[in-house]
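**Q** I'd like to go over a predicted model; first the sequence, then the structure.
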Amino acid sequence: MSASPPEPSIPADRSLEIPAAKLRRWMELALSRVLAHLESLPDQPVTGPGLPAPSPLEPLPRQGTPLEPLLDHLFDEAVPHTYNTASPGYMAYIPGGGLPQTALADFVASAVNRYVGVYAAAPLLARLEANALHWLAEMLGMPASTRGLLTSGGSLANFTALHTARCERLPEDFLGGTLYASDQAHHSVAKAARLAGLPASSLRTIPSDPTFRMRLDALAEAVVRDRKDGRAPFLVVASAGTTNTGAVDDLEGIAALCRSEGLWLHVDAAYGGFFVLTAQGQRLLRGLGAADSVVVDPHKGLFLPYGTGALLVRDGAALRRAHATATDYMPALQRDDDPAVMDFCEHGPELSRGFRGLRVWLPLKLHGLAPFVANLEEKLALVAHAARRLRAMDGMEILAEPQLSVVAFRLRREGMSPEQTDALNRRLLERILARRRVFLSATTLRGAYALRICVLSFRTHQDRVDEALEIIAQEAAGLSGPA
């Protein structure tokens, strides 16, 4: 039998293996643009110049392009056409400060490119991420049994929590279940319920009181009514800092009701949860640690970049029961009795996931907790200062007093109808935004159009808040009647 001829060798294509010197040069070019961008933030416009002219999508690139013109396009064209959410003048919606220190963590995490969804694949990195989650639970006053998951944000975290609660409190035929949230709850709650398989009719919207907090009496009545009608109440979603006004529900009262009725208490604290680290927040958020599950967004209250949410579940085993699966091609999975040993793929919907833990762990290790607490206390003081100044302005009405770091207000003029008042305030916001120094947002409260100031960026200090108040006063003075 003749021997087989040797197979030809396969040439190695190393075109994507960049030499260290070239990669260093690219990193230096990018770093110089990033540092210049960050240093100029206080002077940059807080909004873009408007929508760019429509243009066709780029064709698929067949050849490479040098880095310099690509960076020019990003920093000179693409980035300026945005809401400048990193600006000290950005006080709209719920700001995300974007600590640049986190970019170091993201760079390292992307460069080493380790898979952390299963403990066995990267045990010390998974332990690091579990440690960061343990710190978050400790901040919120949750027990040692708590387990959690870092997510892309509050929406995915709310969905994961609702799915977990549904699995724990309802049978497989769950369509008779009902859940409860206030008329001020974030819209992601309704979306999460739908994604968890519940029909829209399952969600009960509970009215809020004059301070925009869920009415406990109305909640209790709704639960009794549903039980009488043969439904299966299973979940209450309380808010710890609503987007509209920063309102915090009566967490202690709702927790007591949930205990007596056997309901799962989920607290959406995406915006407000970390204020529990302050003296004011401890009083307002009393009862937060009694929740069955809590959502917080470190990209809000810990000033990290967007894409950093977290879910914490009091009974960590419940989180795993709701998401665990088994397959032949996975490595051996761990037991759930050690908080530092986590198979994250068993605790949420994602199998493939980035190494999110480093972007929480590194800033906290670099700085310790104290600077984060000091920043949160400063933001509470700044919005209280803004509210005092607004009250003193002629014709200005506070529609929602600050509970955390949001104040809602509007301008009123004698003899105007509600419709004219709404139009007046739309014009006021347009004039404020036209200055491009501060960015405020608007909402509707009890049918009235309202402007909002939300202070939550680590870069926002009294000088920019005072500038915002001066702009508001100047533009309000120029509006005397209907357009």
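**A** Cool, got the structure.

**Q** so where's the stretch 251-400 of the chain uncertain?
**A** 335-336 (pLDDT under 70).

**Q** Which pLDDT does the model give the closest residue in space to residue 468 that isn't next to it in sequence?
**A** Leaving aside its sequence neighbours, residue 468 sits nearest to residue 438 (CB to CB, 6 or more residues apart in numbering; 4.1 Å). Bear in mind the C-beta positions are built from the backbone N, C-alpha and C, glycine included. If you check residue 438, the pLDDT there is 98.

**Q** who's in contact with residue 438?
**A** 46, 89, 90, 91, 432, 464, 467, 468, 471 (CB atoms under 8 Å, 6 or more residues apart in numbering).

**Q** Relative to residue 242, how far out is it?
**A** To residue 242, residue 438 is 22 Å away according to CB to CB, to the nearest Å.

**Q** Could you do residue 186 as well?
**A** Applying CB to CB to residue 186 and residue 242 gives a distance of 7 Å.

**Q** returning to what we had before: just the buried ones out of the contacts of residue 438, please.
**A** Among the contacts of residue 438, those classed as buried by 16 or more other CB atoms under 10 Å are 46, 89, 90, 91, 432, 464, 468, 471.

**Q** per-residue confidence at the second one?
**A** Turning to residue 89, the model gives it a pLDDT of 97.

**Q** ok so, going back, among the buried ones among the contacts of residue 438, which are in helices?
**A** Using DSSP state H, 432, 464, 468, 471 are the members of these that sit in helices.

**Q** host element of residue 142?
**A** Using DSSP states H and E, residue 142 sits in no helix or strand.

**Q** So what's the residue count around it?
**A** By other CB atoms under 10 Å, the residues close to residue 142 number 24.

**Q** For it, grab phi and psi.
**A** Main-chain dihedrals, residue 142, degrees, to the nearest 10: phi -90, psi 160.

**Q** check contacts around it.
**A** Contact analysis of residue 142 by CB under 8 Å, 6+ apart lists 289, 291, 294, 312, 314.

**Q** buried sites along the longest helix seen in the chain?
**A** The single longest helix within the chain, with elements called by DSSP H, is helix 370-391. Going by neighbour count (16+ other CB under 10 Å), the buried part of helix 370-391 is 372-373, 375-387, 389-390.

**Q** Stretch 402-415 too?
**A** For stretch 402-415, by 16+ other CB under 10 Å, it's 402, 403, 404, 405, 406, 407, 408, 409, 410, 411.

**Q** quick check: mean pLDDT across that stretch?
**A** Here the average pLDDT along stretch 402-415 is 97.

**Q** With just CA atoms, put that stretch into CSV.
**A** The C-alpha trace of stretch 402-415 is given here as CSV (Å, rounded to 0.1, in the frame of the first residue of the first chain):
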residue,chain,number,x,y,z
PRO,A,402,-37.8,67.7,44.7
GLN,A,403,-37.8,64.3,46.5
LEU,A,404,-34.5,63.3,45.0
SER,A,405,-32.6,65.3,42.3
VAL,A,406,-35.5,66.2,40.0
VAL,A,407,-37.7,69.4,40.1
ALA,A,408,-40.6,69.9,37.7
PHE,A,409,-41.9,73.4,37.0
ARG,A,410,-43.7,75.7,34.5
LEU,A,411,-44.3,79.3,33.7
ARG,A,412,-47.7,80.8,34.2
ARG,A,413,-49.2,84.1,32.9
GLU,A,414,-52.4,85.7,34.1
GLY,A,415,-55.4,85.0,32.0
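
**Q** how far is that stretch from where the chain is centred?
**A** Mean-position distance between stretch 402-415 and its chain equals 24 Å (CA atoms, centre = their mean, to the nearest Å).

**Q** let's have the chain start at 650 instead
**A** OK, 650 is where the count begins now, so the last one is stretch 1051-1064.

**Q** At which residues are the strands of the protein located?
**A** Remark: strands assigned in the chain by DSSP state E are 796-800, 826-831, 852-855, 881-888, 913-917, 942-945, 958-962, 1045-1049, 1055-1060, 1090-1094, 1097-1103.

**Q** Turn these into a markdown table, including distance to residue 930.
**A** Formatted as a markdown table, those follow (distance: least, CB to CB, whole Å):
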| stretch | distance to residue 930 |
| --- | --- |
| strand 796-800 | 20 |
| strand 826-831 | 20 |
| strand 852-855 | 23 |
| strand 881-888 | 14 |
| strand 913-917 | 13 |
| strand 942-945 | 12 |
| strand 958-962 | 17 |
| strand 1045-1049 | 17 |
| strand 1055-1060 | 13 |
| strand 1090-1094 | 22 |
| strand 1097-1103 | 16 |
